[in-house]
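**Student:** Sequence and predicted structure below; questions after.
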Amino acid sequence: MSDPQAASDPPTSDPQAWIAADPDPRTRAELRALTPDELTERFSHTLHFGTAGLRGPVRAGPSGMNVAVIVRTTVALGRWLIDGGHAGSRVVVGRDARHGSADFADACAEVLAAQGFDVVRLPGTTPTPLIAFCCRDLGASAAIAVTASHNPPADNGYKVFVSGGAQLIPPDDTQIERLIATAAPANTVPRTTVSADDPWAAANTERYLTRLTNRFGRVPRSPVRIALTAMHGVGGALALTALRRAGFTDVEVVPEQFAPDPDFPTVRFPNPEEPGASDRLLALAADVDADLAIALDPDADRCALGARIGGSWRMLTGDETGALLGRHLLAATDLDAPVVAGTIVSGSLLQAVAEATGARYARTLTGFKWLVRAGEPLLYAYEEAIGHCVDPVAVRDKDGISASVVAALLTHERVSAGSDLATALHELFVEHGVHVTTQHSIRVTDLDRIADIMAGLRTHPPTTLAGISVTSVDYATRQDHLNTNAVELSGAANDPETSVRVMVRPSGTEPKLKYYLELVAEPRESDVAATSARLHALAVDVIADLPR
């Protein structure tokens, strides 16, 4: 069913009609000040509703994040919920501290309230995992998180969770996008003011923290020292509280990165995965002689760990962290045949750990919208891009806050036994083989180049990489749930025994082609460090052989 006002919808390709319908005087003025060429560029495309919502630059027009786009998107989401039998249901709205987030969240809440929904407007700024928790905890039919997570400062976004607290998946996203295309002019959409002083909202943080304690427990006065950065985001205060309740009071923060700041002044990209982004955290960890370093991304749904390895501090890869957290959770669970999950671009170390413990390992497409639907009883899911779901009963998405608590408890267990995270990782490599994973990306200005490389991989795939014979598998031809636009190259060498796997896929959010590499060598306790160094050097040679 389409919106009854769709007949008066201004075409998004008509700048003057859009300007007339824009309810925000600031973005109307912005569009009117553009040159004809600039205006044409703004209206050359619209933001695509996918990956559980929208993401793009904060700017006027249909190709940016602004109040007009938010209003049209939200009225379409509300229409979709009503058509699905959820009229009058509860919907949660929260936001981060990025530019525009406060206005966008207000617009979301006001549009939904005017459509008759019971809107829970979370006050102030809220980490995304807390919004996902509230969606599930309050029995909401949907939740909206206004956030662009770890994107550059100029961006913002709109993330949708559905009943049960998991991200939106196809074909529902396509249905909503169609409703957006036929939505009424933004200035004609009814809006009703919503107070953030909601009785449900007032207690949501306490319920979340109580769940963490009930699920993972606490240790009395842990000696573990933690260095932490909030990366200028909204998760710092909640992370400190969660860690203290779990028994970790010796936490040092990177002070210049602790308070929310939408300009992210100390990092080029506010993503702990980016080279240099965690340098201040690692320096702090070394200065205070920490046992664990934790980097949250700006909306705190991702968590990266740092540890002293071989005498020097470095950030662990998402795959290393996934195996460590997964093994810790598997050792403590009483679930019968629990499920742990990774994606097609994740490493295989967690799978080896799961198989050794009798757990079931599930492999999904990339993204937590698939990971949290991998199977039941789901114990743990992760993606190599530092996302971890450690308590799927409470949060059906990645959650950097709860992952921080689990990482601290794992570290406490190790330190109390006179050990550390480096030793824990060494033990994994001895038992299951040395696993090295890394990424290589090609950023393009012409998207046809990505299509050309993918076509070449399918028609004339390489037969060797760094001297190792490889075969290819086209995931676009698969007949199962892993069908996607990706190509896998894999092979093994016998002397010394080493396997190589490369997954190639276009990025879903950026103009990039991504290569995900994993190299694995048989375990030998006496030469883990040397084997790791050899695999890292081999990875450089493999990258040099990849199609460009």
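**Tutor:** All right, it came through fine. Everything numeric in this text was worked out from a predicted model, so none of it was measured. Residues are numbered from 1 along each chain as shown.
**Student:** Just the buried residues of stretch 110-119, please?
**Tutor:** 110-115, 117-119 (16 or more other C-beta atoms under 10 Å). For the C-beta atoms, the positions are set from N, CA and C on the backbone; glycine is no exception.
**Student:** With respect to residue 137, which of these is nearest?
**Tutor:** When those are ranked by distance to residue 137 (C-beta to C-beta), residue 118 comes first, at 14.7 Å.
**Student:** Return the residues in contact with the closest one.
**Tutor:** 88-91 (C-beta atoms under 8 Å, 6 or more residues apart in numbering).
**Student:** before we move on, what about residue 421?
**Tutor:** By C-beta under 8 Å, 6+ apart, the neighbours of residue 421 are 291-292, 305, 307-308, 316, 324, 410-411, 414.
**Student:** quick one: residue 226 and residue 300, what's the gap?
**Tutor:** 15 Å (C-beta to C-beta, to the nearest Å).
**Student:** coming back round to it: now, the contacts of residue 421 that are in strands?
**Tutor:** By the criterion of DSSP state E, membership of these in strands covers 292, 305, 307-308.
**Student:** that older thread, need the contacts of residue 421 in CSV (columns: neighbour count, distance to residue 424 and pLDDT).
**Tutor:** Below are the contacts of residue 421 laid out as CSV (neighbours: other C-beta atoms under 10 Å; distance: C-beta to C-beta, whole Å; pLDDT from 0 to 100):
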residue, neighbour count, distance to residue 424, pLDDT
291, 23, 12, 98
292, 26, 11, 98
305, 27, 11, 98
307, 26, 9, 98
308, 19, 12, 98
316, 21, 10, 98
324, 26, 6, 98
410, 23, 7, 98
411, 27, 9, 98
414, 20, 6, 98
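**Student:** if you skip the residues just before and after it, what's nearest to residue 211?
**Tutor:** Distances taken as C-beta to C-beta, 6 or more residues apart in numbering put residue 394 closest to residue 211, at 4.8 Å, once the chain neighbours are dropped.
**Student:** actually residue 436, not the one I wrote
**Tutor:** residue 535 (4.0 Å).
**Student:** Please apply the same query to residue 155.
**Tutor:** Per C-beta to C-beta, 6+ apart, closest to residue 155 is residue 148, 4.2 Å.
**Student:** Could you report the pLDDT at that neighbour?
**Tutor:** For residue 148, the pLDDT comes out at 95.
**Student:** gap between residue 28 and residue 12?
**Tutor:** Per C-beta to C-beta, residue 28 is found 15 Å from residue 12.
**Student:** cool, and residue 290?
**Tutor:** Using C-beta to C-beta, residue 290 is found at 51 Å from residue 12.
**Student:** Looking at these two, which is more packed in?
**Tutor:** residue 290 (25 against 19; other C-beta atoms under 10 Å).
**Student:** re the thing from before, got CSV for the ones in strands among the contacts of residue 421, with distance to residue 362 too?
**Tutor:** Formatted as CSV, those follow (distance: C-beta to C-beta, whole Å):
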residue, distance to residue 362
292, 28
305, 23
307, 27
308, 33
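**Student:** Which one of those residues is nearest to residue 190?
**Tutor:** residue 305 (46.9 Å).
**Student:** Low-confidence stretches in the chain?
**Tutor:** 1-11, 51, 196-202, 509, 524-525 (pLDDT under 70).
**Student:** Now with 90, please.
**Tutor:** For the chain, the stretches flagged by pLDDT under 90 are 1-13, 49-52, 123, 194-203, 310, 443-447, 494-497, 507-512, 522-527, 548.
**Student:** Give me the neighbour count for residue 98.
**Tutor:** Residue 98, neighbours per other C-beta under 10 Å, totals 31.
**Student:** Which of the three states applies to it?
**Tutor:** Applying DSSP: H, G, I helix; E, B strand; the rest coil to residue 98 yields a three-state assignment of coil.
**Student:** Tell me who's in contact with the residue lying closest to residue 89 once chain neighbours are set aside.
**Tutor:** Leaving aside its chain neighbours, residue 89 sits nearest to residue 141 (3.9 Å; criterion: C-beta to C-beta, 6+ apart). Taking C-beta under 8 Å, 6+ apart as the criterion, residue 141 is in contact with 81, 86, 89-91, 162-163.
**Student:** how about a cut-off of 6 Å?
**Tutor:** 81, 86, 89, 163 (C-beta atoms under 6 Å, 6 or more residues apart in numbering).
**Student:** Highest neighbour count among the residues you listed?
**Tutor:** Counting neighbours by other C-beta under 10 Å, residue 81 leads the contacts of residue 141 with 22 neighbours.
**Student:** Identify the residues contacting it.
**Tutor:** Applying C-beta under 6 Å, 6+ apart, the residues near residue 81 are residue 141.
**Student:** mind checking the backbone torsions on it?
**Tutor:** In terms of degrees, to the nearest 10, the main-chain angles of residue 81 are phi -60, psi -40.
**Student:** Stretch 147-160: end-to-end distance?
**Tutor:** Chord length of stretch 147-160, first to last residue, is 10 Å (C-alpha to C-alpha, to the nearest Å).
**Student:** Give the buried residues for that stretch.
**Tutor:** Neighbour counts over stretch 147-160 (16+ other C-beta under 10 Å) mark 147-151, 153-160 as buried.
**Student:** can you check stretch 508-522 too?
**Tutor:** 513-521.
**Student:** ditto for stretch 374-383
**Tutor:** For stretch 374-383, by 16+ other C-beta under 10 Å, it's 374, 378-383.
**Student:** So which of the residues you listed are in strands?
**Tutor:** Filtering these for strands - DSSP E - leaves 378-383.
**Student:** Now for the residues you listed: which two are most distant?
**Tutor:** Once C-beta to C-beta is applied, those give 379 and 383 as the farthest pair, at 15.6 Å.
**Student:** Tell me the backbone dihedrals of residue 226, please.
**Tutor:** Dihedral angles (degrees, to the nearest 10) for residue 226: phi -120, psi 140.
**Student:** how near is the nearest residue to it once chain neighbours are set aside to residue 230?
**Tutor:** Leaving aside its sequence neighbours, residue 226 sits nearest to residue 251 (C-beta to C-beta, 6+ apart; 4.6 Å). Going from residue 251 to residue 230 by C-beta to C-beta gives 12 Å.
**Student:** Ok, residue 394 next?
**Tutor:** Residue 394 is 22 Å from residue 230, by C-beta to C-beta.
**Student:** who has more neighbours, the two?
**Tutor:** residue 230 (28 against 21).
**Student:** doesn't residue 345 fall inside a strand?
**Tutor:** No - counting by three-state DSSP, residue 345 is located in no strand; its state is coil.
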